[in-house]
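Visitor: Pasting a predicted model and its sequence here:
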Amino acid sequence: MANESRKGSEEEEGGEFADFMADISHEIAQRVESLDARPKAASREAKAVKDKKKTPAPLDAGVILEWPTIADRIIEEIR
Amino acid sequence: MSVVNYGTREITCKIVYYGPGRSGKTTNLQHVYSKLPEERKGKMVSLATETDRTLFFDFLPLDLGTISGFATRFQLYTVPGQVYYAATRKLVLQGVDGVVFVADSQSRQQAENIESLQDLHANLADEGLDPRTIPLVMQYNKRDLPAGEISAVEQLDDTLNFRGVPHFSATAVTGGGVFETLRSISTLVLSRLSAPQTRDS
């Protein structure tokens, strides 16, 4: 009887800390999700900005093949 | 103190139990310590006088292990409640993440409660912390004393809890309300992890 009572008391003791740990773990898990999400989101934003800064490719980029012709055109423009 | 270090994946929270002398701050920590599983029991450092009053402070490190990939540690401190240990209280408050104010429910201790709360606010302000926003929980201790000797919880709340923070009735000597209080302040502190200004990356 005394042993049962002591066992119950020990379980209760462990339970108090275990409940605390469970709550804290849950809270941290939630926060960590938001922390983990933030760098990824930031990285996505940075990539978007980087992409935006890139000089857009000209529509005929795939058509112009002869560089000397382009150079001639540039010189012509400068004149 | 950084609450979370994303780089090293560590969470460290410093929680300070504040309040007037003999309100039960050390008793709170002793109860938490007594309930820790053996594998998590570190050393509770307690510097007391011959008459068992806290001379300097109590320190209880709580290593909670790795939670969601973060090594999690809570550091629980108490301050000496006696008025003349003002310098120690200021020192212990440095880098605090959350405060539990342990008030003595005895009606005759009301002036001491108020004085200690004012002292807390002044010391937080000195540390550059906003007393209006720092995570805070009120604990009204010694609820087991005869009704004629203690103030009603509503009265204590009216007098001390003008921020309307979570408050708990407690009988720390038997453990009543101790973990509820700790759980509440821990949650409040952890809830700030998502606030960018508390993140130390």
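Guide: Arrived safely, thanks for sending.

Visitor: From the contact counts, what lies against the host helix or strand of residue B:191?
Guide: In the assignment (DSSP states H and E), residue B:191 maps to helix B:178-191. Where contact means 3 or more C-beta pairs under 8 Å, 6 or more residues apart in numbering or on different chains; DSSP states H and E, helix B:178-191 is packed against helix A:2-53, strand B:10-18, helix B:25-35, strand B:98-104, strand B:136-141, strand B:167-169. For the C-beta atoms, the positions are set from N, CA and C on the backbone; glycine is no exception.

Visitor: average model confidence for that helix?
Guide: Helix B:178-191 carries an average pLDDT of 95.

Visitor: Give me the buried positions along that helix.
Guide: Within helix B:178-191, the residues that count as buried by 16 or more other C-beta atoms under 10 Å in any protein chain shown are B:178-190.

Visitor: bridging residues for residue B:60?
Guide: Beta-bridge partners recorded for residue B:60 (DSSP bridges): residue B:76.

Visitor: do the same with the one 10 residues further on
Guide: When assigned by DSSP bridges, residue B:70 has beta-bridge partners residue B:67.

Visitor: Contacts only, for the residue nearest to residue B:137 when sequence neighbours are not counted.
Guide: Leaving aside its sequence neighbours, residue B:137 sits nearest to residue B:185 (C-beta to C-beta, 6 or more residues apart in numbering or on different chains; 4.5 Å). Residue B:185 makes contact with B:15, B:98, B:99, B:100, B:135, B:136, B:137 under the criterion C-beta atoms under 8 Å, 6 or more residues apart in numbering or on different chains.

Visitor: Next one: the second one from chain A, what distance?
Guide: Look at residue B:98 and chain A: by C-beta to the nearest C-beta, to the nearest Å, they are 13 Å apart.

Visitor: And that residue, how far from residue B:185?
Guide: With distances taken as C-beta to C-beta, to the nearest Å, residue B:98 is found 5 Å from residue B:185.

Visitor: Could you tell me which residues touch both of those two?
Guide: B:15, B:135, B:136, B:137.

Visitor: residues in contact with the first one?
Guide: The reference is to residue B:15. Residues in contact with residue B:15 (C-beta under 8 Å, 6+ apart) are B:74-77, B:96-100, B:182, B:185-186, B:189.

Visitor: which of those sit farthest apart?
Guide: Within the contacts of residue B:15, two members stand farthest from each other by C-beta to C-beta: B:96 and B:182, at 14.9 Å.

Visitor: Chain A contacts on chain B?
Guide: Contacts of chain B with chain A, taken as C-beta under 8 Å from any C-beta of the partner chain, map to B:4, B:6, B:11, B:34-37, B:40, B:64, B:67-70, B:72, B:175, B:179, B:182-183, B:186-187, B:190-191, B:193-194, B:199.

Visitor: which of these count as buried?
Guide: Neighbour-count burial (16+ other C-beta under 10 Å) applied to those gives B:4, B:6, B:11, B:35-36, B:64, B:67-68, B:70, B:72, B:175, B:179, B:182-183, B:186-187, B:190, B:193-194, B:199.
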